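>>> structure for the following, please:
(chains A and B)
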Amino acid sequence: MALLEVRNLKKYFATQKAVDDISFNVEKGSIFGLLGPNGAGKTTLIRMITGIFYPDEGQITFDGKKFDPVNDVLHIGYMPEERGLYKKMKIGEQATYLAQLKGLSKKEAINKIKEWFIKFEMQSWWTKKVEDLSKGMSQKLQFVTTVLHEPKLIILDEPFSGLDPVNSNLIKDEIYKLAQRGSTIIFSTHRMEQVEEICDHIVLINKGQKILDGSVKGVKNQFKENLFSIGFEQLPANLNGNPPFEMVGTRDHAFIVKIKEGNKPNDVLNYFLQQRSEIISFNEILPSLNDIFIKLVEGTPLTRQFQAITA
Amino acid sequence: MNKIWLVIKREYLTRVRNKTFLLSTFLFPIIIVAFIVGSTLLAIKSKNKVRIAVVNDPGFFQKNLESDSSSVIFEYPTDVNSSNYESKGYTGLLKVNTDTAAEKYVIESKKSLNIETMSYVERQMKKAIEYNILQQNNIERRILDSISTVSEKAAQITNQLETGKEVNNKLPYIIGFGCGIIIYITMFIFGAMVMRGVMEEKTSRIAEVIVSSVKPFQLMMGKIIGIAGVGLTQLLLWIVFLIVLVNIIPLFISAENLQQFQQAQEAQQQLPGGSNNTVAFEMLKATNTLVNDVNWTLIIICFLFYFLGGYLFYASLFAAVGSVVNEDPQEAQSLMLPIMMPIVFGFIILSTSIENPDSPMAFWGSMIPFTSPIVMMGRIAKGVPEVVPWWQLFLSMALLILGFIFTTWLAGKIYRTGILLYGKKASWKEMIKWVRRS
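Predicted coordinates for the structure are as follows:
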């Protein structure tokens, strides 16, 4: 069942079609990747989902009902890319304040904050001010304040920027745990290796439009180029007859080959077996999301041009 | 509603607990009182004695020139001339020229004498010459003195109104001007505070985090109301503190000093244009006579109303400006100018309308919400309904309420877009577009 359904969403600004007719579903309990180059319209899209902007057209369905910004935002945790905290406010008070704004009572808020602070070893921070924290530390605090009220939907925009690998892993683990406990997570980033690692499902948008939608595995299959890597004890000296593949390159003790139209991987194996070559490995090369991303986005102008919108 | 209350609470508490708040709350009245006391003491102390030697006395000067033991002393030595008066300890030399072509009376001095001394000498000489002429016409000085006492008494005007109330003309002036100035200053202080608060939220990038749980309008109103609370708290503390100080000060100023000062004041009031310290003095004196002449309940209610109304009218505009600028404070300055102009203009109208509360300028200034909080206070103090009819007061109040509803609505639209816009300053043209679009 989808926690969030976005249908034909549009938002036009004076000089840009920021979001131009985008639809997708986010399944409950999944980790959803919202990808796109800079200026693709991700932030605008997220701002509509978090009730900050009203869409010009289209509907958002949240948890089976029409999205109601006033009440539903209590069940959403949003960590924007442009994020910050009140510099002069004490950390404990600040976290309490933000939690109260999400509908928690003061007592509840304080208890939950204490739990999280223990989990992240931040107990001693309570009376410190944000200006005393390093960037990574305030990032952790930000994460805590985002997920504190146990939202149904958590939206994280570039959550790992500025974090070292140790803290990155700490937060990554928490994201998994939250998803296991039933929270749905929308994860927006340009870091494709993280997306491959974390996300179940992705949507790629470019210039305000959706250009890709599917599971990580499905997308990779969709973009595979029938490339295989075949490892040999000793590389065959020459290729006789009519091989069912084209050579793409060699790498150490392996050929990279592209299977010809109409042939199967087994045909390739048969060919080499007949050649009496010692095969030690055979695997498919799937494109990385990074490659797919670049392939899809490349060729379109990298920066969006301003255009006059008559709407 | 619950959320807006949380925002108000945060805005209020973080500011009230701030050290600068405590500092300004206690320092401001001390500085004001110190200024008043200091300037009065200075007025007393700065009177240094001037000795003037009179030569070539035509005969009537010695008889008629009165020395003032504390400031100007006339002496009539015989062995003094232009070259040696200084070495004999005189500040100036008053000569009477017998040569008719030249100026008849001349004071020579090394340093230029101050205006007060000059005018004192002039007055004394005028009197002496008058007496001399009278005497030549066989009128005795005694008669003239009695005439002038009678005429002075007769000329003391009390402005008795139909209602039978006597109006003390100075006190309303001071109250009106004082209230106007306080509203003028606090509008700047707390307006700027709202603006800085909004800028802080924008530059620290917390705005987007907050508006994902609170509507931008709630955030803006929470801030404005919270800071209004800070303003009222501070005002209240100032009033309490001032009352305490005013009651304590007489303990520090000796009776002798106070008396001396009163004399100085009286002398000064006779001078044209020399009433610089009168306001300060009246304020000291006023504490004794305050209570009866003025309708305090009305003034306090009106003051609170116009303070809040004026603040609300401008605060949302300041918030809008804060929301469109980025880190650079200079951007804020150029955008603030159109907002500050009417406030300053209001102050200028106040200073003219306080003399002339019935003029068309005063009337319109007290009706248009841009200036009414400042100007109306100056007029109200002069008397309701004698000077300001009730309908004018209510119309002005109603217009102010409509005014701040309008500015808040307008600012809310600009704020909503501006607070999430990073990287560039919006022009006025763009802001108008935001208002139209949404």
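>>> which pLDDT value belongs to residue B:422?
Residue B:422 is assigned 73 on the pLDDT scale.
>>> residue A:187 and residue A:63, how far apart?
Look at residue A:187 and residue A:63: by C-beta to C-beta, to the nearest Å, they are 19 Å apart. (Glycine included, C-beta is placed from N, CA and C.)
>>> tell me which of the two has more neighbours.
In this view residue A:187 and residue A:63 are compared by other C-beta atoms under 10 Å in any protein chain shown, and residue A:187 has more residues nearby, 23 against 16.
>>> could you pull out the helices for chain A?
Using DSSP state H, the helices of chain A run over A:42-49, A:69-72, A:91-101, A:106-119, A:135-147, A:165-180, A:192-198, A:216-222, A:265-274, A:289-297.
>>> packing partners for the fourth one?
Helices and strands touching helix A:106-119, as assessed by 3 or more C-beta pairs under 8 Å, 6 or more residues apart in numbering or on different chains; DSSP states H and E, comprise helix A:91-101, helix A:135-147.
>>> chain B is nearest to which of those helices?
helix A:91-101 (4.2 Å; C-beta to the nearest C-beta).
>>> check the helices and strands packed on helix A:106-119 for me: which has the lowest mean pLDDT.
Taking the mean pLDDT of the helices and strands packed on helix A:106-119, helix A:135-147 comes last: a mean of 89.
>>> tell me where the model's unsure across chain A.
Applying pLDDT under 70 to chain A picks out residues A:299-311.
>>> mind doing that once more with 50?
Along chain A, the model assigns pLDDT under 50 to residues A:311.
>>> show me how chain B divides into domains.
Chain B is divided into the following domains under automatic domain parsing: B:2-42+B:168-437, B:50-146.
>>> how about the residues of chain A by chain B?
A:14, A:47, A:50-52, A:70, A:73-74, A:76, A:78-80, A:82-89, A:97-98, A:100-102, A:142, A:145 (C-beta under 8 Å from any C-beta of the partner chain).
>>> which single residue of the stretch 51-200 of chain A ends up nearest chain B?
residue A:84 (3.2 Å).
>>> ok, which residues in chain B are in contact with chain A?
Within chain B, the residues that sit near chain A (C-beta under 8 Å from any C-beta) are B:3, B:6-7, B:10, B:14, B:200-201, B:204-206, B:208-216, B:420, B:422, B:433, B:437.
>>> buried among these? Need that as a selection in PyMOL.
Paste this into PyMOL to select the buried members of those, with burial taken from 16 or more other C-beta atoms under 10 Å in any protein chain shown:
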select buried, chain B and resi 3+6+7+10+14+200+201+204+206+208+209+210+211+212+213+214+215+216+420
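>>> filter the residues of chain B next to chain A down to the ones in helices?
The members of those that map onto helices under DSSP H are B:3, B:6-7, B:10, B:14, B:200-201, B:208-211, B:216, B:433, B:437.
>>> and the pLDDT for the residue of chain B at minimum distance from chain A?
Ranking the residues of chain B by distance to chain A (C-beta to the nearest C-beta) places residue B:205 first, at 3.2 Å. As predicted, residue B:205 sits at a pLDDT of 84.
>>> for it, what are its contacts?
Residue B:205 sits next to A:80, A:82-84 when contact means C-beta atoms under 8 Å, 6 or more residues apart in numbering or on different chains.
>>> rerun at 7 Å
Each residue near residue B:205 by C-beta atoms under 7 Å, 6 or more residues apart in numbering or on different chains is listed here: A:82-84.
>>> among these, name the buried ones.
Applying 16+ other C-beta under 10 Å to those flags A:83-84 as buried.
>>> phi and psi next, for the residue of chain B closest to chain A.
phi 60, psi 30 (degrees, to the nearest 10).
>>> what does residue A:182 give?
Dihedral angles for residue A:182 - degrees, to the nearest 10 - are phi 110, psi 0.
>>> which ones are touching it?
By C-beta under 7 Å, 6+ apart, the contact list for residue A:182 reads residue A:29.
>>> now swap in the one 5 residues further on and tell me
The neighbours of residue A:187, taking C-beta under 7 Å, 6+ apart as the test, are A:31-34, A:156, A:198-199.
>>> make a ChimeraX selection of whichever of these turn out to be buried.
In ChimeraX, a selection of the buried entries from the contacts of residue A:187 looks like this (16+ other C-beta under 10 Å):
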select /A:31,32,33,34,156,198,199
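>>> pick out the most distant pair among the contacts of residue A:187.
Largest separation among the contacts of residue A:187 by C-beta to C-beta: A:34 and A:198, giving 12.3 Å.
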